[in-house]
Structures are given as structure tokens and as C-alpha cells.
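In: with the sequence up front, the predicted model follows.
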Number of protein chains: 2
Amino acid sequence: MREVAIVSAGMTPFGELWRYSLRDLFVEASLGALRQAKADTVDAVYVGNMSGGQFVGQEHLGPLLADHLGIRGVPITRVESACASGGVALRSAFLDVASGMSDLVLAVGVEKMNDGGDVTNVLATAADQENEVYHGITFPGLYAMIARAHMTQHGTTLEDLAAVSVKNHRHGALNPKAQFRQEVTPEQVMASSLVADPLRLLHCSPVSDGAAAVLLCPLARAQEFTDRPVEIRASGLATSSMALAERRDPAFLDAVSLSASRAYHMAGLGPADIDVAEVHDCFSIAEICVLEALCFAEQGRGGEAARTGETALGGRLPVNTSGGLKSKGHPVGATGIAQVIEIFEQLRGEAGERQVKDAAVGLTQNMGGSGGSSVVHIFERV
Amino acid sequence: MREVAIVSAGMTPFGELWRYSLRDLFVEASLGALRQAKADTVDAVYVGNMSGGQFVGQEHLGPLLADHLGIRGVPITRVESACASGGVALRSAFLDVASGMSDLVLAVGVEKMNDGGDVTNVLATAADQENEVYHGITFPGLYAMIARAHMTQHGTTLEDLAAVSVKNHRHGALNPKAQFRQEVTPEQVMASSLVADPLRLLHCSPVSDGAAAVLLCPLARAQEFTDRPVEIRASGLATSSMALAERRDPAFLDAVSLSASRAYHMAGLGPADIDVAEVHDCFSIAEICVLEALCFAEQGRGGEAARTGETALGGRLPVNTSGGLKSKGHPVGATGIAQVIEIFEQLRGEAGERQVKDAAVGLTQNMGGSGGSSVVHIFERV
């Protein structure tokens, strides 16, 4: 396999972007990445998108992107793995370059959620339609059950859950692209509206529009496009059972653990080598479970990490310096690429007020559904 | 890049399969491929599916397939390019093996269309939502405009169009997996209900359920799984403009031409080297336009091919020996893989009554929308 680097990035703000259509979003992000690298065209594109069909009546995003980005003819593949679609798009782009098929490949993630779609029900199509959704469950309900299991088994507290939101809002307040740029207090989190007990509004990531794009090429050619490339050292993808009820332990995310161990093995690195990470905090409990599955925390102890400041900026391992899904926003297909952009900028020393000092190795973890799929990438400053 | 082979295949019948759910379909096809190769598991899976979300409320097919096929943990990626989703799944699987990331990779295509979904409107999400669908156009209407343009520019006749349906039904009558196993006459075609002038019911592929799967591995390992592997010599993918109105010539399919020239170049082969081909005859006019874009016929002369018998079994270049989308059926995400299976079986000498004598090199062409995307693969008997 050829070594692969990221050489540029582009991203829209995340938020309720009523003036942007789906096509506007992915074009703006893609153009940003192309311009940063001074590239006119690319050899291939991978688009991560969960459900353009259900949200805005648009599947078949390949030719649409080709048209509006002015690159008609270029091979474009849309990939989907629910909220992990962006991470999977990066992986597909990585394999395309690694294989030797293509040199310059764009990985884009996009979702237009605020356009009249029935968002809760569209998102529910990422769960098991016959065994979960038919019976009325939604994602806040699924993650509430995960939270209850974690609290019962490990003594995780409402304060632990709130600390994740507080930390991520504090980070997001420093991110000009974030949907919510204000801090919240533990008291505000615990007094916010109950969504699905024990999860309250401020434990939940929002409904967002947005797009993000990164440009990949063989590491050997990276200097043509930037003097600060970031190498993709590893890609790990895994599945678990779709339905929560079929998991051996609903509070442990098998797919995350497996995708991480594949990535660590491929990179020849371990959790202790990671300087900064972006993980999938669609709900505050998710960040806690993910930290454990990534071996950043012992099993059952993930709840302490945010509360003790370990995962905050300035802590031992800063997690979600971008604000995470909670504060930055969660346009589901775009999230996986936005995570990569935060790590790309951290490793280039471009993260401004959010900069983690001397960050050399970073990790992203992006998840689909209630953890049925997970994709982990490890990056290193060249 | 490593050389890649197909070593086994599995497929459900195509048709109105009311007793099969989406998950039943892809499991049956996948198990067929695994059993034929005597493989218990795989390193990765790519699933081509156009719109499980809209048809049956199910996105995130990766973990669902992992669950029901009994391979939890395996990395699974869903890819989509409208009706070219199956062909794009094969390409992604090919790149995964070629890159060296995975050895044994399953490429599955699946679609469950008969389950209460509003099929015409779901399919329309493969067209340009803002510039085409909003104004009321559907796919029969788009292809009717392509047919009118071809008739006007090149003198193609209603008899030419009918001859495609007649040929493909004659082939499909010999295929035990086909949805329609009866022959039709030119008179029947021309007397069938008008759908979108000049296209009649018997010019249109049906609404179908079905799944198809093939197993790929490095050519160097193929003999572990079969003594008759088929090599994937080339993969070409291309886009064109999404909206028909933006094409330079609505009767010429640029994306097909470009995807074919990429594949011919990669294989070091030309149209004259192809012994048998499966092409995307979603409407009879599509086969005519595709033959021209693949350089199997001169531009404007594609209408003669079926009428003169050139593309029939026993002709110079048999096309759609499986019955094509018209007679075999068109479960949109499955079609691209089903085409590959027909070529796989032809090159192995397993096509029974449909066998093309001494077929050594075959081609598949799978198309999305009104030709906004196209993927071409070339295969060779080892």
C-alpha cells in the first residue's frame, strides 16, 4: 500500500443554514479544500452522506457534485454508514490512493438536515427498522438506555454526563465554525428539558447543516500541495450488532473497540501515543463509552475523564477540542470529515485558541447508529 | 496494485419477492457466494444499495448484514450511485483488494422495491431534485426525451426500440433467475401501454426485489477458492451532468463513454476484444445509446444492433444474455452485481443455454440516473 497524506481542508460553518442547499454546502467545503491546495481538479471524490434521499429528496450525489463543483467526468462515489458516513468516506478515499488507482482524491462529508425533513424519523432509519424502530424507539431513547446501563453497572453519575457537555461547549466556544459558541454550566445541563431519561437537551447533539472536505494524495507527492502534510497512519472500520438488545453489554461499544484495535495495530501505535482525539459524542454518554472502547479510560471509568479535566484542553489527553458533535454541531454525513479537519489543523499547529501544544499524533473516531458501525483513523504530523 | 479475481457468486431470483425482506435478500445472495467458495467469513464487505432508507426505512445496512450473515465485526461499507450502486460496490471491493488492505472481500448489491414504497418518486431522487424532479419529471419521461432525441437525430425507429426488448426477453426466457421468462413479439411491444411517448410498458424494466453477491480476492490466492477464477482486468467510473438539459447531446451518454475509455485503457483492450457484455437497459433506448458510448456501434447506429441480430445470442457480440434489466428484472442496487455474475458465469462456461461459445473477455456497464454516473468493468478468464 502507498503511504497517504492529507494536504488541505475546507469546511462550512455548522448550524441551521437556511440559505444553503445540499449542493451549496458540499461545493463550498470542496472548493475550500481545492483552493487551499491550489488544485483545479481531482482524480476521484468520495462523498459521505447519510440520507440525502430522505432529508431533501436527493440521492445520487456524485453527478450533482461533479456539476456544481465544475469537475464533470470525475469518478465520484457516495458512501453511507449512518452518522459514520464521513469517516467511511475518508477510509474509501484513503484506499483509493493507497491502491495506486488515484493520486488526488477529495473526501467530502455533507448533510442538509434543516429543510423540512422529519429528522427524528429519518435518523431512526440508522437503527434496526424491524426490531427497534417499528416498536417506537428513537436515538435519544437508545442512548438513554446505554446511559442507564453504564450508570447501573459502573456508578456513572448525572454529574459525569453533564461534565462532557460542559467541556465540549467550553471547547466549542473557541471554534468559529461551531453551531453553539457559548459555554454551559453543569447546573444548566442538569436543568435542561428532559429528552429521554436520564438524557436532557444539553446532553444531545443538535440538528445541523454542514459540509467538510479534505484532499488526499500519496505522501510522496504531498509537498507539491503543502509544506505541512499530515499522514494517515491507519484506518480501522468495524461493525457490531445493529440492535442494542443483541449486544453482549449495551454499555460497551464493541465496534468502537474493534475499529480502534485495528487502527492501533495498523499504525503500530497505542492509546498512550495519541496527543489529541476527536470522538463521536452524539450524546454525552457516547463520549464516555467511546473513551473506554478506545482504551483512553479503563472500562467503567470513562465518566471521570471530563469531570477531572483529563480530556479538557490543557488536560492529559484533550478530546473534542473542536467542541465535538455537541457544540460544533452534527450534520451527520459531514461529522466524520469535520473531526479529521480538527485533527489536521491541530497537527499543523493551526488550531488557534484550541491548539494542543506539540500535538504530533491524533485520532478520530466516528460512529454509526447506536454503535453498529465505527471507524477510527490515526494521523501523524510529517 | 494487486491483481484481483472473482472466485464465487450468489444470487436470489429477481422478481416480486413478497416473502423476502431486505435482509433476507442480501443474506441469501451473500451466503450463496460464501458457500460456493467454501469461505466462512470475509475481511470486508461492500454493499450497493440505492435507497433502503426511502424504500423500506432502513439505512446503515452494514451492521444489519453483519448481524444476519453471522459475521459481526467485519468492516462493511454501503455505497450508492443510484442504479449504478452495484457496479460501484464492485469497484470499491476491487480497490480494497488491489490496495492490499483486504484479501477476501464480498461485493453485494441489494434492493427491496416491492414493499409499499412510492417507487416512481423514490427512483426520481436519482435525478436532479431542484432542476428536474421539482418540475414533475420521472425516469420514464427522461428516457423518453433521450429516445426522441435519438430518433430525431439518427432516424432510430420504433422497430429498433422494440427489437431490444424482444432480444432481451428471448435471452431472459433462458435464465432461471429472471423476473419475466417469456418471449415477447415486436407487435406486443408496440401495442403495450404507452408510459411516456415513445416508450411503452415493454420498453421499460420492471420494479424488482433481489440481491446478488460476488467474492473477490487477490488473483494470487484465487486457486484456494476455485479452479476457474475470473480476473477483474479494469474498472472505470465516470460522472456526467446530473440534469439531462445540461448535456451537450441528450442522445449521447458522456459518462458511459468516459467510464468505458478509462476501463479500455486500464485493461489495454478495446471494444473489439469483448466477447460478451451486460449493459444497462433500464429502458430499451438506454441499450442503444450505451452500445454507441461503449464503441460497440457507431454513433447513431446503435438502433440497428438488436434488429439485425448482432447483439443476440449467436450474433457477433451478444449483449445482455442474462435477459438484461428488461427481462431479468432491475432491483436497482443489485443490478450491477447481477451483471457481473452473468459475465462471471459466461467466462467460466457455466451459462447453460445462454452460453456464448469460447467467451474469454467480458464487459459490464452499469448506469445511474439518466446517465449521470456510469461504471464499466472488464473481466478475463484466467
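Out: Alright, I've got the coordinates. Numbers count the residues shown, from 1 in each chain, chains lettered A, B, ... in the order given.

In: use CA for all of it now, contacts and neighbours both
Out: OK.

In: tell me if residue A:235 really is in a helix.
Out: No - under DSSP: H, G, I helix; E, B strand; the rest coil, residue A:235 falls outside any helix and is assigned strand.

In: what is the neighbour count of it?
Out: 28 (other Cα atoms under 10 Å in any protein chain shown).

In: need the three-state assignment for the residue nearest to it when sequence neighbours are not counted.
Out: Computed as Cα to Cα, 6 or more residues apart in numbering or on different chains, the closest residue to residue A:235 that is not its neighbour in sequence is residue A:377, at 4.6 Å. Secondary structure assignment for residue A:377 (three-state DSSP): strand.

In: quick check, residue A:377 in contact with residue A:263.
Out: Yes - in terms of Cα atoms under 8 Å, residue A:377 counts as a neighbour of residue A:263; the distance is 6.4 Å.

In: from chain B, how far out is the residue nearest to residue A:235?
Out: As judged by Cα to the nearest Cα, to the nearest Å, residue A:377 and chain B stand 14 Å apart.

In: kindly report the same for residue A:21.
Out: From residue A:21 across to chain B, the span is 10 Å (Cα to the nearest Cα).

In: and residue A:281, by the same measure?
Out: Applying Cα to the nearest Cα, the value for residue A:281 to chain B is 19 Å.

In: what's the pLDDT at the nearest residue to that residue once chain neighbours are set aside?
Out: Across the structure, with Cα to Cα, 6+ apart as the measure, the residue nearest residue A:281 apart from its sequence neighbours is residue A:287 (4.6 Å). As predicted, residue A:287 sits at a pLDDT of 98.

In: just the strands in the stretch 1-150 of chain A please.
Out: Counting by DSSP state E, counting those that start in this stretch, the stretch 1-150 of chain A has strands at residues A:4-11, A:44-48, A:76-80, A:105-112.

In: do the last one and chain B meet?
Out: Okay, so that is strand A:105-112. No - Strand A:105-112 does not reach chain B (Cα under 8 Å from any Cα of the partner chain); its nearest approach is 13.6 Å.

In: and the angle from that strand to strand A:44-48?
Out: When axes from the mean of the first three to the mean of the last three Cα atoms, to 10 degrees is applied, the directions of strand A:105-112 and strand A:44-48 differ by 30 degrees.

In: pLDDT (mean, whole number) over strand A:105-112?
Out: The predicted confidence, averaged over strand A:105-112, sits at 98.

In: tell me what it is packed against?
Out: Packing contacts for strand A:105-112, counted by 3 or more Cα pairs under 8 Å, 6 or more residues apart in numbering or on different chains; DSSP states H and E, involve helix A:22-36, strand A:44-48, helix A:52-56, helix A:85-99, strand A:209-218, helix A:332-348.

In: and that strand, which strands flank it?
Out: Listed by DSSP bridges, the sheet partners of strand A:105-112 and their directions read strand A:44-48 (parallel), strand A:209-218 (antiparallel).

In: what does the helix or strand containing residue A:277 rub up against?
Out: Applying DSSP states H and E as the criterion places residue A:277 in strand A:276-278. By Cα atoms under 8 Å, 6 or more residues apart in numbering or on different chains, the residues outside strand A:276-278 that reach it are A:317-322, A:324, A:339-340, A:342-343, A:346, A:356, A:359, A:361-365.

In: looking at the strands of the stretch 1-150 of chain A, which is buried most?
Out: Of all the strands of the stretch 1-150 of chain A, strand A:105-112 has the most neighbours on average by mean count of other Cα atoms under 10 Å in any protein chain shown, namely a mean of 32.

In: please put the alpha-carbon coordinates of that one into CSV.
Out: Extracted C-alpha coordinates of strand A:105-112, given in CSV (Å, rounded to 0.1, in the frame of the first residue of the first chain):
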residue,chain,number,x,y,z
VAL,A,105,-8.7,12.3,-4.1
LEU,A,106,-11.3,14.5,-2.3
ALA,A,107,-13.2,13.1,0.7
VAL,A,108,-16.3,15.2,1.4
GLY,A,109,-19.0,14.8,4.1
VAL,A,110,-22.3,16.6,3.8
GLU,A,111,-25.7,16.7,5.4
LYS,A,112,-28.7,19.1,5.0
